[in-house]
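> Would you be able to build a 3D model of this:
(chains A and B)
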Amino acid sequence: MQNFLRLSLISLAAALLLSACRADEYDANTTAPITSIGQAILAAEANGTIPKLNHDDTIVGPDTDNNGIRDDIDAYIATLPYTEVQKKAVQQDARALTATLIIDTNDSVALKTAGEKIMRAVNCIFDKFDLQIADQVTNDMEKMTINTKNRFMQYEKYNSARSGSVTSLPSGDTCEQ
Amino acid sequence: MSSKFLQIFLFGLLLTISANATTCSKSYTLGFFNGVWNTEQQADKGLKALSQLVGDTYNKEPVNYKTFYNHTAPGYDVLGLQDVAETFIQRAAEIDASGEFGKRFEYFWEFMGSSEPTFIDKIKGIFPNAVSLFDSFYTLIMGKLTSIISYFLSNPPTETDYASHNAKLDALAADGQKLMLVGHSQGNLFMNHAYDHILPTVGADRVKAAHIAPASPTLRGDYVLANIDLVINALRIQGVTSVPVNNLDINASRVDVSGHTLIGTYLDPTRDGRGQVKTMIVGEMGKLECPSLLQVTRYIYFRYMDLATALAEEQAKLRYPYTLDPVWVREFSIEFNEFKATRPDYEFGAPGDFCSGPFKYSHYGGDLYTLFYNNGTTEKYRKDRIIDADNEGGRLYYISTSQLPDLSDYIIF
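Below is the predicted model:
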């Protein structure tokens, strides 16, 4: 009876887990052949080959620790094989990019501040990494932060508002502590 | 001197010399004009990469770096980045009915990027059929990229697009900066205009241009254009014959399949483009010269005083044994209320924005006025160097440029 109960509970838990699976989740243990790009993406995300990112409809996404970086990007940065100083530089870029999504694009002061933060983050990363890695890391932060249509549209609004701006490259260390 | 025709006499010794850059106390500003579809971050990355290439100083003088950002598209929905994104969504829906691909914009950015497409590569690894589908995306994006550049060649950006860049260039010129302008891709169109705008103000000695992957039909300086630049090559196939000939032969790389991006191709440390770009920019910077005494004088030495005092002050700016000869000096006058001035070698035209009424006060602040001469040239004057004739009186002198020897070795900055 105890075994039956245990089995029943396990079965129930499994059933609940299965029913809780959303359509965009993928069973990493499946042996079925992959027949589409969609399936390939879900498989890669399920087995950890590609980080599973937040794609909800919000602009900023979940940021439970309120550090200005989406939680899934925080988690991704933590897995990178870099020094703590380098990881902080990557976080600075992610934070600067996220900030562009929430500012009032009619506020010229806010726009200028956001632009200077982007420049300072770029300056920091390129001082902490070789050119090609710096290019890769900043591309990664941009693609992961601006990873839904809603976020893209907001980012596009920001960049359009910045068109015509002239921003100076700061001298010295611009990495945030 | 009547009050109706208020005549202002100023003093100026206008000396044209070819000052050696090594003796100049001013600094360089490298202005970068970014390529098509660049986000601000991508443009800033280009600037930073250029700063690492050129360095913090040149010729023992500081180099300042500035991004002159453009995110201009012919229309928000046409050929802009948003248009490319919409195309991504449509094509993604066609090849993946589940919608998973289309809602992940990280793949869109990888198609547009200049570095390793890590996600795409991994998908290709587990689903080989994706290779041809992804390739069709690249082809689509390359077509869009070529189209927008082709569009801009026949429909250049407007004055509105240029306005804020012009204002910044004016300020840098007034500050005495030596201006090195660098354009990439579509940014060359913006840079050409910037160069043309500031050239009359600073003269050819104080502004130089360098083109990277130029799509522009005209050039303002040296250029680097790679044989593997598929965007420029596609323009040629479309019949755009005005682009320059390739002058950089390098191997293609999977990191940047377009062969067109700044960091991915032209500044790639593993290929020859980087060295050639550096040689080009440094070569152009080597041609930059200090603000000539002519310009310094225009900004600094417009004074109310007699000829002897003026000569003494000017003489103090020159090293022994050079001596200014009073016989070189000529006098001229400006009638500000009628916007007229006469000088033996110039006939001044009406300066449209010099001032709007009878000139009354001497010290206005740091803004620049422009004098438009009817020979097509212009000169900038600082307001605070202009003197109230009613109160102070005075005369304006100049020295004919043809009478001056090379004073390079005599200037004290």
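
> which residues of chain A fall in helices?
For chain A, applying DSSP state H gives helices covering A:2-20, A:37-46, A:71-79, A:84-100, A:108-128, A:131-145, A:149-162.

> Return the set of buried residues in the last one.
By neighbour count, and taking 16 or more other CB atoms under 10 Å in any protein chain shown as the criterion, the buried residues in helix A:149-162 are A:149-152, A:154-162. C-beta here means a position set from N, CA and C on the backbone, and glycine is covered the same way.

> wait, which of these is closest to residue A:74?
residue A:151 (16.3 Å; CB to CB).

> any weak-confidence spans in the stretch 1-150 of chain B?
When the per-residue scores of the stretch 1-150 of chain B are filtered using pLDDT under 70, the ranges that remain are B:1-26, B:72-79, B:114.

> Tell me if the helix or strand harbouring residue B:182 is near chain A.
For residue B:182, the enclosing helix or strand under DSSP states H and E is strand B:178-184. No - applying CB under 8 Å from any CB of the partner chain, one finds that strand B:178-184 is not in contact with chain A, the shortest distance being 12.2 Å.

> Parallel or antiparallel, list what pairs with that strand.
Within its sheet, and counting by DSSP bridges, strand B:178-184 is paired with strand B:28-33 (parallel), strand B:207-212 (parallel).

> Kindly reformat these as JSON lines containing distance to residue B:180 and mean neighbour count.
Conversion of the strands paired with strand B:178-184 to JSON lines gives the following (distance: least, CB to CB, whole Å; neighbours: other CB atoms under 10 Å in any protein chain shown):
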{"stretch": "strand B:28-33", "distance to residue B:180": "5", "mean neighbour count": "26"}
{"stretch": "strand B:207-212", "distance to residue B:180": "6", "mean neighbour count": "27"}
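
> Dihedrals phi and psi, the closest residue to residue B:27 other than its chain neighbours?
Taking CB to CB, 6 or more residues apart in numbering or on different chains, and ignoring the residues beside it in sequence, residue B:27 has residue B:62 as its nearest neighbour in space, at 4.3 Å. Taking degrees, to the nearest 10, you get phi -70, psi 150 for the backbone angles of residue B:62.

> what do you get for residue B:127?
Residue torsions, per degrees, to the nearest 10, at residue B:127 are phi -140, psi 80.

> Tell me how many other residues crowd the closest residue to it other than its chain neighbours.
Taking CB to CB, 6+ apart as the measure, residue B:127 lies nearest to residue A:40, with 3.6 Å between them; neighbours along the chain are not counted. Other residues within reach of residue A:40 by the criterion other CB atoms under 10 Å in any protein chain shown amount to 26.

> Residue A:40 contacts residue B:131, correct?
No - between residue A:40 and residue B:131 there is no contact under CB atoms under 8 Å: 11.4 Å.

> Would you mind listing the residues in contact with the closest residue to residue A:62 other than its chain neighbours?
Nearest residue to residue A:62 in three dimensions, chain neighbours excluded: residue A:71, at 4.8 Å (CB to CB, 6+ apart). Residues touching residue A:71, when contacts are defined by CB atoms under 8 Å, 6 or more residues apart in numbering or on different chains, comprise A:54, A:61-65.

> likewise residue B:258?
When contacts are counted by CB under 8 Å, 6+ apart, residue B:258 is found next to B:142, B:145, B:229-231, B:264-265.

> pLDDT score assigned to it?
The model reports residue B:258 with a pLDDT of 85.

> Confirm it sits in a helix?
No - counting by DSSP: H, G, I helix; E, B strand; the rest coil, residue B:258 is located in no helix; its state is coil.

> For it, give its distance to residue A:164.
Between residue B:258 and residue A:164 the distance is 26 Å, computed by CB to CB, to the nearest Å.

> repeat for residue B:38
In this structure, residue B:38 lies at 14 Å from residue A:164, with CB to CB as the measure.

> How about residue B:271?
Using CB to CB, which is the criterion applied here, residue B:271 is 33 Å from residue A:164.

> ok, now residue B:261?
Taking CB to CB as the criterion, residue B:261 is separated from residue A:164 by 22 Å.

> of the two, who's got more company?
Between residue B:261 and residue A:164, counted using other CB under 10 Å, residue B:261 has the larger neighbour count: 27 against 21.

> Strands of chain B, start to end?
B:7-8, B:28-33, B:57-58, B:61-68, B:178-184, B:207-212, B:222-224, B:329-335, B:340-343, B:346-347, B:368-372, B:378-382, B:396-399 (DSSP state E).

> okay, how far is it across stretch B:254-266, tip to tip?
Stretch B:254-266 has its terminal residues 14 Å apart, counting by CA to CA, to the nearest Å.

> tell me the domain boundaries of chain A?
Following automatic domain parsing, one finds the domains of chain A at A:1-50, A:58-177.

> Lowest mean pLDDT across those domains, which one is that?
Mean pLDDT is lowest for domain A:1-50 among the domains of chain A, at a mean of 62.

> neighbours around residue B:110, how many?
Residue B:110: 22 surrounding residues under other CB under 10 Å.

> Can you narrow the contacts of residue B:258 down to the ones near chain A?
Counting by CB under 8 Å from any CB, residue B:264 from the contacts of residue B:258 sit close to chain A.

> from the contacts of residue B:258, which is closest to chain A?
The shortest approach to chain A among these belongs to residue B:264, at 7.2 Å (CB to the nearest CB).

> quick one: contacts for the closest one?
A:135, B:113-115, B:253, B:255-256, B:258.
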